[in-house]
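J.: structure for this input, please:
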Amino acid sequence: MQLFYNPNLEKDTKTFTFDTFESKHIIRVLRKKVGDNLQITNGKGLFLFAIITEDNPKACSIEIVRVKKIHPTKHRLHMVVAPTKMNDRYEWFLEKATEIGVHEITPILCDRSERKSIKIERFEKVVQSAMKQSFQAYLPKINPLTSLQSFLENNQEGLLFIAHCAETERHELKRKLAADQPITILIGPEGDFNSNEIKLAKGKGYMPISMGKTRLRTETAAIVACTTVALTNNG
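T.: Numbers count the residues shown, from 1 in each chain. Sure thing, here's the model as predicted:
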């Protein structure tokens with residue numbers, strides 16, 4: 001069954017009417033009709049099970065028959081990742097990170113960044129699609145693009161890491177993780193963080209880490225980090 005998304009649904013919602021765009025997709029594209037079942041998430045932890053009561057392609061109406069609350073994970077992963085030069089690579093990261101399990105994503109602007117602007121509305125659509133495809137009840141939060149310096153001015157809770165390739169002391173991420181903790185991981189641009197940025201992050205309590213023996217692309221390093229955190233908390 002396909003999962004639909006609408007942030008306006010709450011646990012006490014009894015009936016609901018989709019907008020024209022979603023109604024057309026449900027009735028014309030998927031050929032749903034009165035009496036058919038739909039499963040919807042509000043992206044805030046609820047799965048809502050509904051029956052179509054009116055199959056109007058301009059205003060599809062439903063009745064909510066059951067609500068299931070999904071409890072959030074005990075850990076919380078915040079990925080802070082510089083946008084890649086090729087936008088599709090960053091969108092791939094967003095998609096896969098959502099499938100694996102990420103809670104918050106902040107694109108950061110660094111000294112060596114090649115991409116200095118993003119389309120946050122596009123990123124949000126990618127994340128919504130990945131959430132629905134992977135049948136998850138929580139929509140990851142996408143923050144606006146911010147400079148690394150500005151981001152570091154805001155204190156983050158839990159375990160803090162910065163991944164880089166400089167020939168200085170670094171630790172293996174998997175050996176420094178602990179389950180059920182808030183985690184923030186910084187991943188730099190294709191040209192990596194510079195020495196001043198690494199020093200600044202370390203001064204804010206970020207532990208330098210390595211993603212392995214090979215040099216990884218930004219989006220690959222980010223996915224390795226997400227996977228390592230997921231295995232630590234779900235393995």
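
J.: can you pull the contacts of Ser210?
T.: Going by CB atoms under 8 Å, 6 or more residues apart in numbering, Ser210 touches 163, 170-173. All C-beta atoms are positioned from the backbone trio N, CA, C, and that covers glycine.

J.: could you do His164 as well?
T.: Contacts of His164 (CB under 8 Å, 6+ apart): 170, 188, 192-193, 198, 208.

J.: for Glu121, state which of the contacts of Ser210 is nearest.
T.: Ala163 (27.8 Å; CB to CB).

J.: okay, now the closest one: neighbour count?
T.: Counted with other CB atoms under 10 Å, the neighbours of Ala163 add up to 25.

J.: which parts of this structure are strands?
T.: 3-5, 15-17, 37-41, 46-56, 59-69, 76-81, 104-109, 141-142, 146-147, 159-163, 171-172, 182-187, 207-210 (DSSP state E).

J.: out of those strands, flag the one nearest Lys24.
T.: Between the strands of the chain, strand 59-69 lies closest to Lys24; by CB to CB that is 8.4 Å.

J.: what's the closest non-adjacent residue to Lys204?
T.: Leu152 (4.9 Å; CB to CB, 6 or more residues apart in numbering).

J.: what residues are up against the one you found?
T.: Contacts of Leu152 by CB under 8 Å, 6+ apart are 200-201, 204.

J.: Met79 and Ile183 touch, don't they?
T.: No. Between Met79 and Ile183 there is no contact under CB atoms under 8 Å: 9.0 Å.

J.: can you pull the domain assignment for this protein?
T.: 3-69, 76-234 (automatic domain parsing).

J.: tabulate these in TSV, adding columns for mean pLDDT.
T.: Shown next, in TSV, are the domains of the chain (pLDDT from 0 to 100):
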stretch	mean pLDDT
domain 3-69	96
domain 76-234	95
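
J.: tell me the most buried of those domains?
T.: domain 76-234 (a mean of 18; mean count of other CB atoms under 10 Å).

J.: ends of that one, what's the gap?
T.: 13 Å (CA to CA, to the nearest Å).
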